[in-house]
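>>> Only the shape, not the letters, is given here:
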């Protein structure tokens, strides 16, 4: 009798396991996945000491074009969704300065311009964030088509004054955070 009841219990357990609920496997879930990481990186770092600014005769003391091939690959350019470019300008010189940053395409056409009017030291660090893409940002095609960046700076002050701060200089930093659709 013990054998029959033990066999019956085992049989009912096997039948229960075989008839339990199981979901059908969905291998199409891959199509529903969205992979959009946010990538962050530095774009520019430009530093000019006040003594160099004083040596340059004339208003313009700096002008340079920087190669920017971050989006030269179609794989990246076609997948960037939106982003934020952050600028920081620090002036410890005695000069009033005007700095212009221009994004250029492969034919040197200006796609976007950002201008900074900088007061002489002592001033706080100027921080500016520019959004590209999305409903409230500038056109994302500016970022997609940028192949170089031109930075120019003008001294609106004199060429003789010297700041009383240690190691006086002008520093421009920029970085970007971009969302890219990988899948």
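Happy to help now that I have it. Remember, it's a predicted structure, so these values are computed and weren't measured experimentally.
>>> Could you use CA atoms for every contact and neighbour count after this?
Noted.
>>> Give me the phi and psi angles of residue 109.
Backbone geometry at residue 109, expressed as degrees, to the nearest 10, gives phi -80, psi 140.
>>> For residue 42, name its beta-bridge partners.
Taking DSSP bridges as the rule, residue 42 bridges to residue 175.
>>> Please enumerate the helices of this structure.
2-18, 50-55, 74-77, 141-145 (DSSP state H).
>>> could you dump those to JSON lines with mean neighbour count and mean pLDDT?
JSON lines is the format used below for the helices of the chain (neighbours: other Cα atoms under 10 Å; pLDDT from 0 to 100):
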{"stretch": "helix 2-18", "mean neighbour count": "11", "mean pLDDT": "67"}
{"stretch": "helix 50-55", "mean neighbour count": "17", "mean pLDDT": "91"}
{"stretch": "helix 74-77", "mean neighbour count": "13", "mean pLDDT": "74"}
{"stretch": "helix 141-145", "mean neighbour count": "19", "mean pLDDT": "91"}
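>>> These: which one's closest to residue 182?
helix 74-77 (8.7 Å; Cα to Cα).
>>> Now find how far off-centre that closest one is within its chain.
15 Å (Cα atoms, centre = their mean, to the nearest Å).
>>> what do you get for stretch 164-179?
That offset, for stretch 164-179, works out to 15 Å (Cα atoms, centre = their mean).
>>> quick one: average pLDDT of it?
Mean pLDDT, stretch 164-179: 92.
>>> list the buried ones in it?
Neighbour-count burial for stretch 164-179, with 16 or more other Cα atoms under 10 Å as criterion, is recorded at 168, 169, 170, 171, 172, 173, 174, 175, 176, 177, 178, 179.
>>> Likewise for stretch 114-131?
So for stretch 114-131, counting by 16+ other Cα under 10 Å, buried means 118, 119, 120, 121, 131.
>>> circling back: in strands only, show me the buried residues of stretch 164-179.
Judged by DSSP state E, strands contain the following of the buried residues of stretch 164-179: 169, 170, 171, 172, 173, 174, 175, 176, 177, 178, 179.
>>> Out of these, give me the two with the largest separation.
Pairwise over those, using Cα to Cα, the maximum falls at 169 and 179, 33.5 Å.
>>> now this structure, which segments are flagged as low pLDDT?
1-4, 12, 14-23, 25-34, 72 (pLDDT under 70).
>>> Do a quick rundown of the strands in it.
Under DSSP E, the chain gives strands at 38-49, 60-67, 80-91, 97-104, 110-118, 126-132, 148-155, 169-180.
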